[in-house]
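Participant: just need the structure, nothing else, for what follows:
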Amino acid sequence: MRPHAIHKSFVHLFHPRQSATSAHPAPDELVRRTRSALRARNAALAEALLGECGDAVETDPDCLNLRGLLAELRGEWQQARRYWVRAARHDPPSRAASQNLRRYFELYQFGRTWQAVALGDEPDTEAASTRTPDDH
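Facilitator: Numbers count the residues shown, from 1 in each chain. Take a look at the predicted model:
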């Protein structure tokens, strides 16, 4: 991916396309359990739990962010970016997905990042980014 393509994906962050009223919210318990499975690096369980979210898996910003993290675990970086962009365009935008997009950009551009993986339940997503560089 070229830098201008990454830039275009960030430009779209300022132009949300989905309305919160049009989204199907994901069940909170399934999202919480999916986050726990991802923290344990159990991709199969996380994917199964997201599958139980029904239509919300395609529209809910938390589900889209988590799908991006699953794609990252599988090494599918382009697909991960697509999910994060969709979540970041949501109204209201997903702060976790925005942080994961920044992390993706830094890893792609510089080979390292100071951004932490954002699952979306951190007390302050921005504060969670204060850690040492992470080489992926």
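Participant: what separates the residue positioned nearest the centre of the chain from residue 42, distance-wise?
Facilitator: Taking Cα atoms, centre = their mean, the centroid of the chain lies closest to residue 65, which sits 2.7 Å from it. Distance, residue 65 to residue 42, using Cβ to Cβ, to the nearest Å: 17 Å. C-beta here means a position set from N, CA and C on the backbone, and glycine is covered the same way.
Participant: need the contact list for the residue nearest to the centre of the chain.
Facilitator: The contact partners of residue 65, taken as Cβ atoms under 8 Å, 6 or more residues apart in numbering, are 83-84, 87, 94, 96-97, 100, 118-120.
Participant: mind doing that once more with 6 Å?
Facilitator: Residue 65 makes contact with 87, 94, 96-97, 120 under the criterion Cβ atoms under 6 Å, 6 or more residues apart in numbering.
Participant: filter those residues down to the buried ones.
Facilitator: 87, 94, 96-97, 120 (16 or more other Cβ atoms under 10 Å).
Participant: distance to residue 29 and pLDDT added to these, as TSV?
Facilitator: Shown next, in TSV, are these (distance: Cβ to Cβ, whole Å; pLDDT from 0 to 100):
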residue	distance to residue 29	pLDDT
87	20	95
94	19	91
96	18	95
97	21	95
120	14	93
